[in-house]
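Student: what follows is a protein structure lacking sequence information:
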């Protein structure tokens, strides 16, 4: 049987893979504290890590991901950091957040160009009071987002890798009872771990969230509801603005009818001049 081609494409096939792009930040001991690490600038208050990880229960990302480049702030030594093997992460210290450019390089057999993502390095607590209280209790500020990488009509070699059993081997090494037990592993909440709703392989988000489930359909719907609510607020404000405009136009029309067009025009010009002087 011939080996899969590295450049021939599998038509009408699309395969998606999930990744987590995120960061974690913790407070450093103050200057003068004996537990503070040495050789850290005095104005650095945080130790942070920016990373690319696979969601729990998902196939091994090294099946398709070759290396990750992180472009951090230019004041750091060697601001372009390259990670060629897991863990794909960079750890540094600092005092302020900034946007990190993330470049995903795919396995050579994929024939795909690198893709870019961005992540804001969140160093200070954020969110509502409950979220900030949890960050305070855990002693870490964590900011994560689920990204989807799509391979449209992948090469034959990449398609074989993405459908191979080998990409789940790492799960078998983590669970007792062999690979089958790992693939059907149940989380602390009594539901299958993320990536295996009902025990089967899937890229589908789980229905409910939880401490061990960072992304879910429930959270997705909550976000959609929040966006729709804000859209409703904007639409109401726009409707009110249109109502005020119509009232102003009606008053101007009535003024023209009462005083005549020229008088109304002079009044409008005078009002415009008054506004200019007030500025």
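Tutor: Structure received. These numbers come from a predicted model, not from an experiment.

Student: all contacts plus neighbour counts: C-alpha atoms, from now on.
Tutor: Noted.

Student: quick one, domains of the protein?
Tutor: If you go by automatic domain parsing, the domain ranges for the chain are 14-163, 220-278.

Student: from these, which stretch is densest packed?
Tutor: Ranked by mean neighbour count, the domains of the chain are led by domain 14-163 with a mean of 16 (mean count of other Cα atoms under 10 Å).

Student: hmm, back to that, and the domains of the chain, which one's lowest on average pLDDT?
Tutor: By mean pLDDT, the lowest-scoring of the domains of the chain turns out to be domain 220-278, with a mean of 78.

Student: how much space between residue 105 and residue 50?
Tutor: 17 Å (Cα to Cα, to the nearest Å).

Student: for residue 169, find the nearest of the domains of the chain.
Tutor: Closest of the domains of the chain to residue 169 is domain 14-163, at 8.2 Å (criterion: Cα to Cα).

Student: rewinding a little: okay if I get the domains of the chain as a markdown table plus distance to residue 170?
Tutor: A markdown table is the format used below for those (distance: least, Cα to Cα, whole Å):
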| stretch | distance to residue 170 |
| --- | --- |
| domain 14-163 | 7 |
| domain 220-278 | 29 |
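
Student: skipping adjacent residues, who's closest to residue 51 in space?
Tutor: Closest residue in space to residue 51, ignoring its immediate chain neighbours: residue 89 at 4.1 Å, by Cα to Cα, 6 or more residues apart in numbering.

Student: right, and the one you found touches residue 83 too?
Tutor: Yes. Counting by Cα atoms under 8 Å, residue 89 touches residue 83, with 7.0 Å between them.

Student: so which of the domains of the chain gets nearest residue 7?
Tutor: Closest approach to residue 7 among the domains of the chain (Cα to Cα): domain 14-163, 5.6 Å.

Student: mind listing what residue 7 touches?
Tutor: 109, 110, 111, 155, 156 (Cα atoms under 8 Å, 6 or more residues apart in numbering).

Student: wait, the third one touches residue 155, no?
Tutor: Yes. Distance between residue 111 and residue 155: 6.9 Å, which falls inside the contact criterion (Cα under 8 Å).

Student: secondary structure and distance to residue 97 added to the contacts of residue 7, as TSV?
Tutor: Output for the contacts of residue 7, formatted as TSV (DSSP: H, G, I helix; E, B strand; the rest coil; distance: Cα to Cα, whole Å):
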residue	secondary structure	distance to residue 97
109	helix	36
110	helix	34
111	coil	35
155	strand	39
156	helix	42
